[in-house]
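Enquirer: compute the structure for the input listed below.
(chains A and B)
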Amino acid sequence: MEEDAKRALFLDQIKSADADARYRSWRSAGPVGSKAVPALGDLLSSPDKGVAKSAKGALETIALYAGRPHAAAEAHAVSEELLKIAASDSPIPARAEALRMLGFTADRRSVPAIARLLNDPAVRDEARMALERIPGRESLDALRSAVRTAPEEFKPNLEQSVYNRGLRPATIGIVALTTELS
Amino acid sequence: MNDENSADAAAPAAVEETSPSRRVTRRGFIRTSAVSAAAFGIPYIIPDGVLAAPGRPGANDRIVYGHIGLGGQGISHVVPDAAALCDVDSDHLANAAKRVNGTPLLTKDYRYILDRKDIDAVTIGAPDHWHAIMMVQACQAGKDVYSEKPTCKTIQEGQAMINAADHYKRVVQIGAQGRSNPSAHVACEYIRNGQIGKVNRVEVWHENNWTDGWGAETDPPSTIDWDLWLGPAQWKPYNAQYVHFNFRWMMDFGAGFIRDRGNHVLSIVLWCMNQDKAAPVSVEATGEPAKDGVWDVPVTMEAKWEFKNPDWTLTWSQPGARYPFPGTTAPIPWGAKYYGDHDTLIVSGGDSGCDTEPKAKAYTPPANGVHVYQDNTVTSADPLERHRENWRHCMRTRNTAELMMPIDPAVHVITLPILANISYRLGRKLQWDPARQEFIGDEEANRYLAQPYRTPWKLG
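Expert: This next block holds a predicted model:
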């Protein structure tokens, strides 16, 4: 109950007309946690640019705080909420922003849901970039699998991510010119 | 006649919608990217001047240049006999063309310059998010490179740049011209010869990052190819607050003064400390972004790096102490103070305007002291031109050991602000493994070491 009240106050401050109040809430948002993510996702599209900026800052603060070491459950809870935004009918910039954050917080458990968004022309490139960032075999397999089924115009994007996942420090930068140049 | 000269060179761009991001096809690139020289009232003729060995000019050969990125410092590199000019802003392109005698290729797509076999060397003055890709691909195409600072924006990019310069045996100079400044050189010799004792702390300061309003998301002006301006960066709608000098205030592009002038001043620090091969073992950064406005870099920032063997610490403060030189009262807007165990030394700035205290200027190392390399073949009094002279000298000798700012130390320098920006974003102190080039025990932080690019841009 107390937690709900605190979260409501936090969101009121994010929506405040007072830039200082918004800023204080945004900057201390980390521990507020996953339950604030849906409302912040809505506020990403606020017509008030100050509110939208504060919501984006708060969302990023929550996501990155949840991604800290030894907080896998917290990171997963935040990722689940970000996935809902990414797959929603929210405006495309909000969905893209959720996918950008998922690149930092999501683990293998979120890979199937992100991979499904590779089929959505509105956000598929952001989904592709998120999967490229997420370590582990599952994300790489999802990219490889999508190469086989994706529309022709999107295959180069997926192939690029698969290629990037194979880059190694000792050899990066010293392969032949890309096909675009050859 | 090549594609650039073809009649349909100015046809509308062929752009495929794939998502909010857009991908320009190769065919579209070929058809549309070369800007018609006629648009600028300039005859379009491929110049003569193919050298005996492209990319490997001999001592008496003319070096044929292409210039990529012509705003800001980029235009300062343009030589009167340049063979090619490139900028995604046609106003920049037209302005630069006025400086060139003859009939250079004018293009908004740098790949046309890399495709030109007669061009030996390129300068890169494009926005920061382009530096690594352009430099790596230029090396792959056999060009020597002068690339503006900041060197790159991710750790992975730095690794690619080192590999490319080494593997393709290219002469690559990074535009941290402070190392070609005689004042920085005397400070370096003063410190390395122990004149302030053993240095265990260096304090760097710089004025704050800028703040401003929201601007507006609009269609890009007809003079700017916004898709090419963004290049590898994640797609955003155009806003005048993002472009040209303003890109410095966006984390996706310039990432603030710490990576911009920080590249200059931190270059001097590692040079003075004889730590060009060093990397910190930890980094901790904090900062306060603007409450309003579209820019997202921290306005104020504090960063601390810890080094081991030898043990010393380096700090960055915005706005910081703004010390004056001893005996004066004028605050120095940006610079560094070196704390030795029996004296201190201030070095202001870090670029062409770098300066230091009279005691360092009056010092001459003994014959058996430390004599820090400087290129004695250069003749200009201007540090920026000295830096370019040094590059030209090395292109002729093919001796990269004589470069004042080759790629390897440049990457060590830029690693510092890259790590600091990651720590700032994550809001926590991070432990860095210099050998493995990764953070220790922080998988989330390691996801910042590379950045997915938009297609078709890649490091190769």
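Enquirer: what's the closest non-adjacent residue to residue B:311?
Expert: Of all residues not flanking residue B:311 in the chain, residue B:200 sits nearest, at 6.9 Å (CB to CB, 6 or more residues apart in numbering or on different chains). In this view, the C-beta of every residue, glycine as well, is placed from N, C-alpha and C.
Enquirer: part of a helix, is that neighbour?
Expert: No: Residue B:200 is assigned strand when assessed by DSSP: H, G, I helix; E, B strand; the rest coil, not a helix.
Enquirer: surely it meets residue B:338?
Expert: No: contact criterion CB atoms under 8 Å: residue B:200 and residue B:338 do not qualify, at 9.7 Å.
Enquirer: dump the residue contacts of the residue nearest to residue B:311.
Expert: B:311-313, B:339-341 (CB atoms under 8 Å, 6 or more residues apart in numbering or on different chains).
Enquirer: okay if I get these as JSON lines plus neighbour count, pLDDT and secondary structure?
Expert: Formatted as JSON lines, the contacts of residue B:200 follow (neighbours: other CB atoms under 10 Å in any protein chain shown; pLDDT from 0 to 100; DSSP: H, G, I helix; E, B strand; the rest coil):
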{"residue": "B:311", "neighbour count": "10", "pLDDT": "97", "secondary structure": "coil"}
{"residue": "B:312", "neighbour count": "21", "pLDDT": "98", "secondary structure": "strand"}
{"residue": "B:313", "neighbour count": "15", "pLDDT": "98", "secondary structure": "strand"}
{"residue": "B:339", "neighbour count": "17", "pLDDT": "98", "secondary structure": "strand"}
{"residue": "B:340", "neighbour count": "16", "pLDDT": "98", "secondary structure": "strand"}
{"residue": "B:341", "neighbour count": "10", "pLDDT": "97", "secondary structure": "coil"}
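Enquirer: and residue A:94, which helix or strand is it part of?
Expert: helix A:92-105 (DSSP states H and E).
Enquirer: and that helix, what does it pack onto?
Expert: helix A:49-66, helix A:72-86, helix A:124-133 (3 or more CB pairs under 8 Å, 6 or more residues apart in numbering or on different chains; DSSP states H and E).
Enquirer: neighbours around the residue of chain A found nearest chain B, how many?
Expert: Ranked by CB to the nearest CB, the top residue of chain A for proximity to chain B is residue A:173, at 3.2 Å. Applying other CB atoms under 10 Å in any protein chain shown, we find 28 residues neighbouring residue A:173.
Enquirer: who touches stretch B:408-416?
Expert: With CB under 8 Å, 6+ apart as the test, stretch B:408-416 has contacts from B:149-152, B:155, B:158-159, B:161-162, B:174, B:176, B:259, B:262-263, B:266-267, B:270-271, B:275-280, B:283, B:305, B:314.
Enquirer: now do the strands in the stretch 151-300 of chain B.
Expert: In the stretch 151-300 of chain B, the strands defined using DSSP state E, counting those that start in this stretch lie at B:172-175, B:199-205, B:282-289, B:298-307.
Enquirer: unless I'm mixing things up, residue B:290 is touching residue B:208, no?
Expert: No: using CB under 8 Å, residue B:290 is not in contact with residue B:208, being 10.0 Å away.
Enquirer: quickly list what's touching both of these two.
Expert: Common contacts of residue B:290 and residue B:208, defined by CB under 8 Å, 6+ apart, comprise residue B:299.
Enquirer: those two - which one has more neighbours?
Expert: Of the pair residue B:290 and residue B:208, residue B:290 is the one with more neighbours under other CB under 10 Å, namely 21 against 18.
Enquirer: which residues does that one contact?
Expert: Residue B:290 sits next to B:211, B:296, B:299 when contact means CB under 8 Å, 6+ apart.
Enquirer: per-residue pLDDT, it?
Expert: Model confidence at residue B:290, given as pLDDT, is 96.
Enquirer: quick one: contacts for the residue in the stretch 251-400 of chain B that chain A sits nearest to?
Expert: Here the stretch 251-400 of chain B gets closest to chain A at one residue, residue B:291, 4.3 Å apart by CB to the nearest CB. Each residue near residue B:291 by CB under 8 Å, 6+ apart is listed here: A:19-20, A:22-23, A:50.
Enquirer: so which strand or helix has the closest residue to residue B:157 other than its chain neighbours?
Expert: What sits nearest to residue B:157 in space, not counting adjacent residues and going by CB to CB, 6+ apart, is residue B:132, at 3.5 Å. Using DSSP H and E, residue B:132 maps to helix B:131-140.
Enquirer: next, the angle helix B:131-140 makes with the helix or strand that comes right after that helix.
Expert: Per DSSP H and E, the first helix or strand lying C-terminal to helix B:131-140 is strand B:144-148. Orientation check (axes from the mean of the first three to the mean of the last three CA atoms, to 10 degrees): strand B:144-148 against helix B:131-140 gives 170 degrees.
Enquirer: do me a favour and average the pLDDT over strand B:144-148.
Expert: On average, strand B:144-148 scores 98.
Enquirer: what pairs with that strand, parallel or antiparallel?
Expert: Looking at strand B:144-148 with DSSP bridges, its partner strands are strand B:121-124 (parallel), strand B:172-175 (parallel).
Enquirer: just put the ones you listed in JSON lines and tack on distance to residue A:90.
Expert: Listed next are the strands paired with strand B:144-148 as JSON lines, based on distance: least, CB to CB, whole Å:
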{"stretch": "strand B:121-124", "distance to residue A:90": "39"}
{"stretch": "strand B:172-175", "distance to residue A:90": "42"}
